[in-house]
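A.B. asks: I would like to see how this sequence folds:
(one chain, ligands or ions: 3)
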Amino acid sequence: MLLPYPTSVVMVALFTMTMMMMLCGGDLHKNIDITWGNGRAQMLNNGQLLTVSLDAASGSGFQSKDHYLFGHFQIQLKLVPGNSAGTVTSFYLQSEGSTWDEIDFEFLGNLSGNPYILHTNVITQGKGGREQQFYLWFDPTSDFHTYSILWNPLCIILYVDGIPIREFKNYESRNISFPMKKPMRMYGSLWDAEDWATRGGLIKTNWSAAPFIAYFKNFFVNACVESTPPSITSSCTHPNKKSNNHNSVGEKWITQGLKPSEVDKLNWVHKNFMVYNYCSDLKRFPQGLPLECKIN
Ligand SMILES: *[C@@H]1O[C@H](CO)[C@@H](O)[C@H](O)[C@H]1NC(C)=O
Ligand SMILES: *[C@@H]1O[C@H](CO)[C@@H](O)[C@H](O)[C@H]1NC(C)=O
Ligand SMILES: *[C@@H]1O[C@H](CO)[C@@H](O)[C@H](O)[C@H]1NC(C)=O
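C.D. replies: Ligands and ions are numbered 1, 2, ... in the order given. Below you'll find the predicted structure:
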């Protein structure tokens, strides 16, 4: 087996997991809590659909009940249509504490007819600054599209409709931190980022068009659940025992890296749709680019 990282690391990771879980599109009430927004987020259609909304007073959001240590997290999302400038719809994983890990999808709204930007970041031990931004090759407001995060001991890959848009490999062996130990929750929200998301507040949110609404559905999580308190006695050695094939990564997510057939797709996205890449921002890093940029 050709793994870009020693198998022993995968084994260690497997032993620290507690159990595998599958969250299907089914009833979101079982796996998701609406955590803020005072009624602005709602689960509808017997937990098949989750709406988040934003008005001048507040946004809203939700989180998974469980913490996960590695997994493949897939959702479908339909974004705020029309003039969505200043709104940010997010889907992300995050651990707790001051040296947290985080993997972000954030969709920055825009004026009617202008493109959304998909903003991504990877934060490890509280340190981020790894932004990559993309335009999408479709209108994300006219229909649901699939967004997913693969996180395993080897790599993090972000996918849009099954097409990889970003890869962050585990280079811990080269002293670049990677999320290995801290379980993360899955979060989603719609919030007001007028001052940040419109190129530094260039465009104001049109609050008279509120409430703004985004729709989430079909959550597929193929992951290892971390129990509280964390336990190392049980294992997750068969993480895919009960898995189904509704996700693009399939059965082997725990050891899956970017497949050779996916490399061209990733390059296609980077060549045609990338708006910003921290790894090309020499002005921002006069002392030299971050280490992982030099390896890739
Ligand atoms: C909004 O649209 C403008 C004009 O097409 C574009 O330059 C910008 O990147 C888009 N996104 C954001 C978040 O401003
Ligand atoms: C590894 O990285 C840490 C934090 O960036 C740094 O303090 C340390 O000196 C590095 N170690 C080596 C061997 O480069
Ligand atoms: C703001 O939204 C309202 C309601 O949709 C609309 O009538 C108005 O034209 C919008 N204003 C601007 C400046 O786009």
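A.B. asks: top strand in the protein by residue count?
C.D. replies: In the chain, assigned by DSSP state E, the strand with the most residues is strand 212-226.
A.B. asks: Report how many residues lie close to Ser112.
C.D. replies: Residues lying near Ser112 (other Cβ atoms under 10 Å) number 12. Glycine gets a C-beta too; all of them are placed from N, C-alpha and C.
A.B. asks: List the residues that contact it.
C.D. replies: Applying Cβ atoms under 8 Å, 6 or more residues apart in numbering, we find Ser112 in contact with Gly82, Asn83.
A.B. asks: roughly how far apart are it and Ala85?
C.D. replies: Remark: distance between Ser112 and Ala85 (Cβ to Cβ, to the nearest Å) = 9 Å.
A.B. asks: same question, Gly97
C.D. replies: Gly97 sits at a distance of 34 Å from Ala85 (criterion: Cβ to Cβ).
A.B. asks: what about these two, which has more around it?
C.D. replies: When neighbours are counted by other Cβ under 10 Å, Gly97 and Ala85 differ, and Ala85 comes out ahead with 21 against 9.
A.B. asks: Skipping its backbone neighbours, what lies nearest Ala41 in space?
C.D. replies: For Ala41, ignoring the flanking residues on the chain, the nearest one in space by Cβ to Cβ, 6 or more residues apart in numbering is Ser60 at 3.8 Å.
A.B. asks: so what's that neighbour up against?
C.D. replies: Each residue near Ser60 by Cβ under 8 Å, 6+ apart is listed here: Ile34, Trp36, Gly37, Asn38, Arg40, Ala41, Val52, Ser53, Leu54, Ser189, Leu190.
A.B. asks: Would you agree the second one is in contact with Gly61?
C.D. replies: Yes. The pair Trp36 and Gly61 qualifies as a contact (Cβ atoms under 8 Å) at a distance of 5.3 Å.
A.B. asks: Quickly list what's touching both of these two.
C.D. replies: Shared contacts of Trp36 and Gly61, defined by Cβ under 8 Å, 6+ apart, comprise Ser189.
A.B. asks: Could you report the neighbour count for Lys30?
C.D. replies: 10.
A.B. asks: looking at it, it is touching Asn46, isn't it?
C.D. replies: No. Here Lys30 does not reach Asn46: they are 11.2 Å apart, not a contact under Cβ under 8 Å.
A.B. asks: right, and the helix or strand after the longest strand of the chain?
C.D. replies: Next along the chain after strand 212-226, taking DSSP states H and E as the criterion, comes helix 260-273.
A.B. asks: Got phi/psi on the residue nearest to Ala41?
C.D. replies: Main-chain dihedrals, Ser60, degrees, to the nearest 10: phi -160, psi 160.
A.B. asks: measure the residue of the stretch 101-250 of the chain found nearest ligand 1 to ligand 3 for me?
C.D. replies: Proximity of the stretch 101-250 of the chain to ligand 1 (Cβ to the nearest ligand atom) peaks at Asn114, 3.4 Å away. To ligand 3, Asn114 is 12 Å away according to Cβ to the nearest ligand atom, to the nearest Å.
A.B. asks: Let me see the contact set for Phe273.
C.D. replies: Phe134, Tyr135, Leu136, Trp137, Ile165.
A.B. asks: Dump the residues you listed to TSV, plus neighbour count and pLDDT.
C.D. replies: Formatted as TSV, the contacts of Phe273 follow (neighbours: other Cβ atoms under 10 Å; pLDDT from 0 to 100):
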residue	neighbour count	pLDDT
Phe134	23	98
Tyr135	13	98
Leu136	18	98
Trp137	13	98
Ile165	23	98
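A.B. asks: out of the residues you listed, which one sits closest to Ile203?
C.D. replies: Within the contacts of Phe273, the smallest distance to Ile203 is 16.8 Å, found for Tyr135 (Cβ to Cβ).
A.B. asks: Among the contacts of Phe273, which ones are in strands?
C.D. replies: Members of the contacts of Phe273 lying in strands (criterion: DSSP E): Phe134, Ile165.
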